[in-house]
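Asker: Structure, please.
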Amino acid sequence: GGAAMGAGDGDAPPQQTIYVNNLYEKLKKDEMKKCLYACFSQFGKILDVVVMSKFRLRGQAWVVFADIGAATAALKQMQGFPLYDKPMKIQYAHDKSDAVAKLDGTFRPRDKEEVARINKEKRERLMRKRGAEAMEAEAGEEGAPEMPAVPSRPETNNVPH
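Answerer: Numbering: from 1, shown residues only. Next comes the predicted model:
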């Protein structure tokens, strides 16, 4: 026999953020937030509810729980729950939500190009720094650093008698 299938579609591993879609789209963003808090807070402490007001992201939300157990219970029990006569579709979020990432310190910009550029800059800075340190080390071997030139005192023979 094959390996047993995991829960759901096996889309994303269980985590404390759930992704909810097929939500009623006519609701204002803050109203929807209140609704989702009301629906999901029974399962555990909610850290954040993210509702997008962009047209493309309407009807979608992310609910961030303080722990995975609460998220799992919410996903199982609220799956297909009719909110404004539309059955909710719930799955685990693919990415850690920003709220969780900020809490556990793994927050990073999502954009791959941006991450690559930042890493490249870090590497270049490091190389430059290493290069400079190597040069300084070589210079240091030649003995004491030069003293700044002290302005010489005016010669005494210039002083009027």
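
Asker: Pretty sure Thr17 is one of the things Leu75 touches, is it not?
Answerer: No: counting by Cβ atoms under 8 Å, Thr17 is not a contact partner of Leu75; they are 10.4 Å apart. For glycine as for every other residue, the C-beta is placed from the backbone atoms N, C-alpha and C.

Asker: what residues are shared contacts of these two?
Answerer: The contact sets of Leu75 and Thr17 overlap at Tyr92 (Cβ atoms under 8 Å, 6 or more residues apart in numbering).

Asker: Please tell me how far the closest residue to Ala93 other than its chain neighbours sits from Phe65.
Answerer: In this structure, Ala93 finds its nearest non-sequential neighbour in Thr17, 3.9 Å apart by Cβ to Cβ, 6 or more residues apart in numbering. Note on Thr17: its distance to Phe65, by Cβ to Cβ, to the nearest Å, is 7 Å.

Asker: For those two, list the residues in contact with both.
Answerer: Common neighbours of Thr17 and Phe65 (Cβ under 8 Å, 6+ apart) are Ala71.

Asker: can you map out the strands along this protein?
Answerer: Along the chain, counting by DSSP state E, strands occupy 17-21, 46-51, 61-65, 82-83, 86-87, 89-92.

Asker: from those, which stretch is densest packed?
Answerer: Across the strands of the chain, averaging neighbours per residue (mean count of other Cβ atoms under 10 Å) puts strand 61-65 on top, at a mean of 25.

Asker: got the angle between that strand and strand 46-51?
Answerer: 170 degrees (axes from the mean of the first three to the mean of the last three Cα atoms, to 10 degrees).

Asker: Outside of strand 61-65 itself, list whatever touches it.
Answerer: Under the contact criterion Cβ under 8 Å, 6+ apart, strand 61-65 has outside partners 16-21, 23, 32-33, 36, 40, 43-52, 71, 74, 93, 97, 99-100.

Asker: Take the strands of the chain and write them to TSV, including distance to Asn119 and mean pLDDT.
Answerer: Converted to TSV, the strands of the chain look like this (distance: least, Cβ to Cβ, whole Å; pLDDT from 0 to 100):
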stretch	distance to Asn119	mean pLDDT
strand 17-21	26	93
strand 46-51	27	91
strand 61-65	27	93
strand 82-83	42	92
strand 86-87	43	94
strand 89-92	28	94
